[in-house]
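Colleague: Provided below are the primary sequence and the corresponding predicted coordinates.
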Amino acid sequence: MKVHIIGAGYGGLTAACLLAKKGYDVTLIEKNSSVGGRGRMFEKDGFKFDMGPSWYLMPDTINEIFKILGTTADKELDLTRLDPHYKMFFHDETISISKDMKKNYELFERLEPGCTPKVKKYLADAKYKYDVSLEKFIEKPFLKPSELFNKDLLKEGKKLDIFKSFGSYLDKNFKSDKLKKILGYTMVFLGGSPKNTPALYSLMTHGDFELGVYYPKGGMNALAKALEKQAKKLGVKILLNTNVKKIKVVNKKPVEIITDKENLAVEKVVVNSDYAWAETNLLDKKHQTYKKKYWEKKSIAPSGLIVYLGVKGRIKNLDHHNLIIANDWTKHFNEIFDDPKWPSDPSYYVCAPTKTEKELAPRGCENLFILMPAAPGLKDDEVTRQKYADYLIEDLEQKVNQKFKDKIITKTIYSHKNFKKDYNAYKGTALGLSQTLFQTALFRPKNKSRKVNNLYYVGQYTNPGTGVPIAMISAKIVTNLIENE
Ligand SMILES: Cc1cc2nc3c(=O)[nH]c(=O)nc-3n(C[C@H](O)[C@H](O)[C@H](O)COP(=O)(O)OP(=O)(O)OC[C@H]3O[C@@H](n4cnc5c(N)ncnc54)[C@H](O)[C@@H]3O)c2cc1C
């Protein structure tokens, strides 16, 4: 049986491997010149930049996929556990989160004396949520309400804090503003805010503190390359530089994919390209499960302005992962979700992978990735892009107490219009759909079309949600759906 997959992001790539492993004849079609989707890499002036993801999280989940393919993450990747995990820059001090929990507890006690038992309970609850979600929720397609409203899950549901917001959960448990930010920043990974993200997602803190933050040699993109290697080994045909224009449907079944190169006869189709764009552009209206109006009402996850910098010389006071936290981070969240506009006092993230792997830059140079989350759908004209790039560089100079602007060898700015052009991203989103209560599980766009048989969806817009390991899990869901039909 033939399966054609549109898009070679982490969802599409993983689905290609898993389906080929099951014996399907898989063709993977990708519009760009390399695989990895938002996790591609580009090279410029001797620097190698991971374009999107840089945190290798949930190593157990990723390893599980490699195990299904008959290997392990350790065999395919050269992984290092980072220590410190990351550094946080507050207005009056910097704080490093260590892989050693003893050191972290000393830090938490300094921030909020007497908090240790509460943090221990918080982390135990986070582990419980993580384990239950992985065991009972995460690989479900949630096609029917009974998958959510069954006795088992309703019993767990209360303990999982699905109906509380992450923000109020932190406020209830802790007083220290810094401690709340340390425990809560992971919600940004889900494209949400403290107000709109369910407290269930404090499970991410378990991943952060206890499972660890890893780095694969060669950059995060090494993971995409490792999956590409597996796909090729399993006989997947990979068509790069091939833009899909239409899915032709006859008698409620996909019969042909029209691309800018050739037309392909198809039996089963898995869509990994942005769900909103694919539904409203690749299918005729009568075959769309989620029409334009549906997407207009959704909470779309942030886009971001990214500055890729190659700098001559080394930058002191930075770690591999760095979070620069604005004094009032609520304002930045409001400017993303409630009153969309370019941020007035942004929090942002800086990755300096050359702190771990010097080879990602010419000798003696630093490779920097600066990411400022921004509301989706904003106009990113050249003046705005340059203004924010300058702001971020100058602000970072102050934070690290070192001038480097005149040592910049290469600078690339990437934002909304690039996400749209490169990935057909709806409103230029970086992360797809926010993980709000009403966009989770049963309420998330389905992994299977309701209107067209043999048509499936994989990746960050679908269940379970956003993030590299999570998009990989969505590939497991789709593989099971196809297998069990
Ligand atoms: C800046 C940034 C930082 C991030 N940081 C992290 C992180 O540190 N850790 C983490 O775990 N996650 C992170 N994420 C999230 C993570 O990268 C994504 O959730 C995940 O990569 C999404 O994978 P996906 O399978 O949904 O597809 P995508 O990566 O969106 O891939 C979809 C693919 O479809 C292709 N496509 C689109 N249209 C067509 C067409 N018409 N024809 C053919 N192909 C088409 C696209 O080119 C693309 O390759 C980050 C994301 C971004 C953008």
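Modeller: Okay, I see it.

Colleague: got the end-to-end distance for stretch 176-194?
Modeller: Start and end residues of stretch 176-194 are separated by 15 Å (CA to CA, to the nearest Å).

Colleague: So for it, what gets flagged as buried?
Modeller: By 16 or more other CB atoms under 10 Å, the buried positions in stretch 176-194 come out as 178-194. In this view, the C-beta of every residue, glycine as well, is placed from N, C-alpha and C.

Colleague: tell me the mean pLDDT for the helix or strand residue 124 falls within?
Modeller: Element membership of residue 124, judged by DSSP states H and E, is helix 116-132. For helix 116-132, mean pLDDT is 92.

Colleague: Just list what that helix packs against, helices and strands only.
Modeller: Applying 3 or more CB pairs under 8 Å, 6 or more residues apart in numbering; DSSP states H and E, one finds that helix 116-132 contacts helix 101-111, helix 151-159, helix 177-184, helix 203-206.

Colleague: Out of those helices, which is closest to the ligand?
Modeller: Closest approach to the ligand among the helices and strands packed on helix 116-132 (CB to the nearest ligand atom): helix 203-206, 10.4 Å.

Colleague: Mind giving me the packing neighbours of that closest one?
Modeller: Right, helix 203-206 is packed against helix 116-132 by 3+ CB pairs under 8 Å, 6+ apart.

Colleague: Quick one: list the elements packing against the helix or strand harbouring residue 264.
Modeller: Assigned by DSSP H and E, residue 264 falls within strand 263-265. Applying 3+ CB pairs under 8 Å, 6+ apart, one finds that strand 263-265 contacts strand 253-259.

Colleague: Would the strand it packs on count as contacting the ligand?
Modeller: No: if you take CB under 6 Å from any ligand atom as the test, strand 253-259 misses the ligand, and the best it gets is 7.2 Å.

Colleague: Check what contacts that strand and list those residues.
Modeller: Outside strand 253-259, the residues that touch it by CB atoms under 8 Å, 6 or more residues apart in numbering are 4, 6, 29, 239, 242-249, 263-269, 452-455.

Colleague: go again using 10 Å as the cut-off
Modeller: Residues from elsewhere that reach strand 253-259, judged by CB atoms under 10 Å, 6 or more residues apart in numbering: 4, 6, 27, 29, 31, 239, 241-250, 263-269, 271, 282-283, 287, 449, 452-455.

Colleague: so which of the residues you listed are also by the ligand?
Modeller: 6, 29, 31, 243, 244.

Colleague: The first one bridge partners, please.
Modeller: In this entry, residue 6 is beta-bridged to residue 29, residue 271, by DSSP bridges.

Colleague: quick one, what contacts it?
Modeller: Counting by CB under 10 Å, 6+ apart, residue 6 has contacts 12, 27-31, 242-244, 247, 257, 259, 266, 269-273, 278, 282, 457-458.

Colleague: Name only those of those residues that count as buried.
Modeller: Buried among these (16+ other CB under 10 Å): 12, 27-31, 242, 244, 247, 257, 259, 266, 269-273, 278, 282, 457-458.

Colleague: Wait, residue 439 touches residue 445, no?
Modeller: Yes: assessed by CB atoms under 10 Å, residue 439 is found in contact with residue 445 at 8.6 Å.

Colleague: list residues touching both of the two?
Modeller: Counting by CB under 10 Å, 6+ apart, the residues touching both residue 439 and residue 445 are 298, 432, 433, 461.

Colleague: can you tell me how far the residue in the stretch 201-350 of the chain positioned nearest to the ligand sits from residue 265?
Modeller: Here the stretch 201-350 of the chain gets closest to the ligand at one residue, residue 273, 3.0 Å apart by CB to the nearest ligand atom. Look at residue 273 and residue 265: by CB to CB, to the nearest Å, they are 20 Å apart.

Colleague: Residue 380 now?
Modeller: 40 Å.

Colleague: These two - which one has more neighbours?
Modeller: Comparing residue 380 with residue 265 by other CB atoms under 10 Å, the one with more neighbours is residue 380, at 21 against 11.

Colleague: Need the single longest helix in the protein, by residues.
Modeller: Longest helix of the chain, by residue count under DSSP state H: helix 382-400.

Colleague: Show me what the helix or strand just after that one is packed against.
Modeller: Going down the chain from helix 382-400, the next helix or strand is strand 408-414, by DSSP H and E. Applying 3 or more CB pairs under 10 Å, 6 or more residues apart in numbering; DSSP states H and E, we find strand 408-414 packed against strand 41-44, strand 47-50, strand 303-312, strand 365-374, helix 382-400.

Colleague: for the ones you listed, which one sits closest to residue 23?
Modeller: Distance to residue 23, taken as CB to CB, is lowest for strand 41-44 among the helices and strands packed on strand 408-414, at 31.3 Å.

Colleague: Which elements pack onto the closest one?
Modeller: Partner elements for strand 41-44 (3+ CB pairs under 10 Å, 6+ apart): strand 47-50, helix 221-233, strand 303-312, strand 408-414.

Colleague: so does that strand get close to the ligand?
Modeller: No: taking CB under 6 Å from any ligand atom as the criterion, strand 41-44 and the ligand are apart, separated by no less than 12.3 Å.

Colleague: what mean pLDDT does that strand have?
Modeller: Strand 41-44 shows an average pLDDT of 98 in the prediction.

Colleague: Also stretch 184-195?
Modeller: Mean pLDDT, computed over stretch 184-195, is 77.
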